[in-house]
Each structure stands twice: as structure tokens, then as C-alpha cells.
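Undergrad: sequence-free structure coming up:
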């Protein structure tokens, strides 16, 4: 199996973490987003959408992180601990419920804060207006509150007593704004305790390995200067953050 990844990307980290955590052998194929490698002719032959992650299992190519995660879980279900993607119909539905919700909520809002803090100044040549940043942080806080109130409640993990792929997807999204210096865990004891349980369940070493790149995000603007596609991205950012 080949995994085309850039660990600056939270969906890439979820795929990387799951493969490592459940012991799936894979070849790591780095696609440097900051250098625009997703726009190369070679990568375009693999994924016409020019996004990562991408999984290549023999001749079978699959895009979209949630689809990749489910494929890996279902392919290896016979040798996999049930808690990752429970066989019980209702527990699996809870996992799928979170995976469906997070796209337009925690993922969208955490990504926006990250992009505004790190990428916006490079592409637009100016700091993000304060009111835009304040609104983005407010939206993120609302999603974090929903994660606590709706999905975690008083459980150790999103789907009960053990970690599932839902927790894995949630934690990588939360770390994205944290890497920019925003302490989203401040004043959130429930969320902090859950984060610590997720780290322990994955293993501190693996968790650190997956997040080493994103925690050095301060070097990202310099890396992006080598991206010849910056001008092409400017209209997209203007539309996204207008």
C-alpha cells in the first residue's frame, strides 16, 4: 500500500495515525503542499483533484480521507480490535455520525483559523483583519463546545470506553489551530482529559511523530515562498475569506 501524504494536513495525519496504530504496512509518499507538488503532472495522474491524502492499494486508488479510513478498517477487520470501528450497528452509527458532522463543523472551523493565521498573510500580503479572526475563533469554540456536549458527554471517548476512528479524526483537527498558538484546551477540562486519553491510547511516541511537522508550522511561510502557484491561490483566498 502507498499513502500519498503531507502531515501538515489533518486528514493526512488521521490516515497516517490509523495505519500506524493498527499496523498496516505502507510506503509513505510525500506530497509537499507548501511547494505545490500536488499540482505536478505526476501527481495529477494519481489524483485529478490534486488533493491529499491518496491511497494506492495495488492498482486500486482511493481519495478522500474518511473513505480511506473506512477502507483500511474494513479490509483489516478480521485482525482489528473492534473498538476502532465497532461491528455493533448502533455504535458504528455513532462513529459515522461524528465523521459526517465534523466536515462542516470542527474541521471547517479549525482549518479556517489555521489558514487565517498561517497562510493568509503569505498569499494576501497582509495580516488578517481582526474581526475575521475573532469570528473564526468564535465559530471554532462553538464546534468544540458541541464536541463536548453532544459527542463526548461524560464518556471517556466519543463512542464509549475505548478509542475509535472518530476520536482520531477529531484530535488531528483540534491540533491544527493549536499549532498556530491558539490554546483551545484552556478552561476545557473535559476536552483536555479526552485529549490526554487519546494520546495515551495512540501512544505518546506515535502521536508526537504524526504532529511533529505541524507543530513547526512557523517555518511554513518560508516554505511557501518556493510555491509558484501562490498567485493562482490568491483569488481562491479572496473568495473564501471575503
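TA: Cool, the structure landed. These figures come from a predicted structure and were not determined experimentally.
Undergrad: and the longest helix anywhere in the chain, how far from the chain's centre?
TA: When the chain is scanned for its longest helix (criterion: DSSP state H), the result is helix 130-146. Taking CA atoms, centre = their mean, to the nearest Å, one finds helix 130-146 lying 18 Å from the centre of the chain it belongs to.
Undergrad: other residues contacting it?
TA: By CB atoms under 8 Å, 6 or more residues apart in numbering, the surrounding residues in contact with helix 130-146 are 105-106, 109-110, 112-113, 116-117, 174, 177, 182, 184, 188, 191, 241. C-beta: built from backbone N, CA, C; applies to glycine.
Undergrad: repeat for stretch 190-199
TA: Residues outside stretch 190-199 that contact it (CB under 8 Å, 6+ apart): 144, 147-148, 152, 156-157, 163, 167-168, 171, 174, 184-185, 207.
Undergrad: let's go with 6 Å and repeat that
TA: By CB atoms under 6 Å, 6 or more residues apart in numbering, the surrounding residues in contact with stretch 190-199 are 148, 152, 156, 167, 171, 185, 207.
Undergrad: turn these into JSON lines, columns for pLDDT, neighbour count and distance to residue 98.
TA: Putting the contacts of stretch 190-199 into JSON lines (pLDDT from 0 to 100; neighbours: other CB atoms under 10 Å; distance: CB to CB, whole Å) gives the following:
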{"residue": "148", "pLDDT": "98", "neighbour count": "16", "distance to residue 98": "13"}
{"residue": "152", "pLDDT": "98", "neighbour count": "18", "distance to residue 98": "10"}
{"residue": "156", "pLDDT": "98", "neighbour count": "16", "distance to residue 98": "15"}
{"residue": "167", "pLDDT": "98", "neighbour count": "26", "distance to residue 98": "9"}
{"residue": "171", "pLDDT": "98", "neighbour count": "23", "distance to residue 98": "12"}
{"residue": "185", "pLDDT": "97", "neighbour count": "17", "distance to residue 98": "19"}
{"residue": "207", "pLDDT": "98", "neighbour count": "22", "distance to residue 98": "19"}
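Undergrad: how about the strands of the protein, start to end?
TA: Applying DSSP state E to the chain gives strands spanning 2-5, 27-30, 54-57, 60-63.
Undergrad: can you redo these as CSV with distance to residue 72 and mean pLDDT?
TA: Written out in CSV, the entries for the strands of the chain read as follows (distance: least, CB to CB, whole Å; pLDDT from 0 to 100):
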stretch, distance to residue 72, mean pLDDT
strand 2-5, 10, 98
strand 27-30, 14, 98
strand 54-57, 8, 98
strand 60-63, 10, 98
